[in-house]
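Participant: Let me see the structure of the following:
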Amino acid sequence: MHVLVPVDDSDPSWAALALACETYPDARITALHVLEPIHGEPAMWLSEDQREAAAAEETGELFAEVNATASEYGVTVETESVYGTPARTIVNYTEEEDVDHVFVGSHGRTGVSRVLLGSVAEGVVRRSPVPVTVAR
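Facilitator: Here you go, the predicted model:
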């Protein structure tokens, strides 16, 4: 079984990671951090190598915390970061990497349809080809 947990250093994403580790301790668990390119910024003109170096720097602390959290449950987690629009990138990753289940954190931000889920979680729930568990 392959489980995907999108992480963004928010409380709901930490809850999703903990729930995934508790529910599927023997599964292959991947923590995915989606980096959103900022249009109009100099960063969009960086080479692939430069973007990868910037991503590694940005995600270093996050993935250290992911691994520490997973180790509290006796679980090893793979980590990966990719550039893209979060909901779409998460769904594409799910399809391309043979993911069996997604655990995503909720975000109650704004708008009637986002009161419980948040725009990213809502997009993943609506488009995912596999079961999605939402944690808050």
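Participant: C-alpha from now on. contacts and neighbour counts both.
Facilitator: Will do.
Participant: surely Phe63 meets Ser81?
Facilitator: No - Phe63 is not in contact with Ser81 according to C-alpha atoms under 8 Å; the separation is 9.5 Å.
Participant: Please identify which of those two sits among more neighbours.
Facilitator: Counted by other C-alpha atoms under 10 Å, Phe63 and Ser81 do not tie: Phe63 has more neighbours, with 23 against 18.
Participant: which parts of the helix or strand encompassing the more buried one are buried?
Facilitator: Using DSSP states H and E, Phe63 falls within helix 48-72. Of the residues in helix 48-72, 51, 55, 59, 62-63, 66-67, 69-70 count as buried by neighbour count, 16 or more other C-alpha atoms under 10 Å.
Participant: State the mean pLDDT of that helix.
Facilitator: Computed over helix 48-72, the mean pLDDT rounds to 86.
Participant: any idea how far the helix or strand of the chain with the lowest mean pLDDT is from the chain center?
Facilitator: Least confident helix or strand of the chain, by mean pLDDT, DSSP states H and E, is helix 48-72 with a mean of 86. On the basis of C-alpha atoms, centre = their mean, to the nearest Å, helix 48-72 sits 12 Å off its chain's mean C-alpha point.
Participant: which other residues reach it?
Facilitator: 8-9, 17-18, 21, 31, 33, 35, 43, 76-77, 79, 81 (C-alpha atoms under 8 Å, 6 or more residues apart in numbering).
Participant: repeat for stretch 5-19
Facilitator: Contacts for stretch 5-19 (C-alpha under 8 Å, 6+ apart): 20, 29-34, 62, 66, 69-70, 73, 90, 102-107, 134-136.
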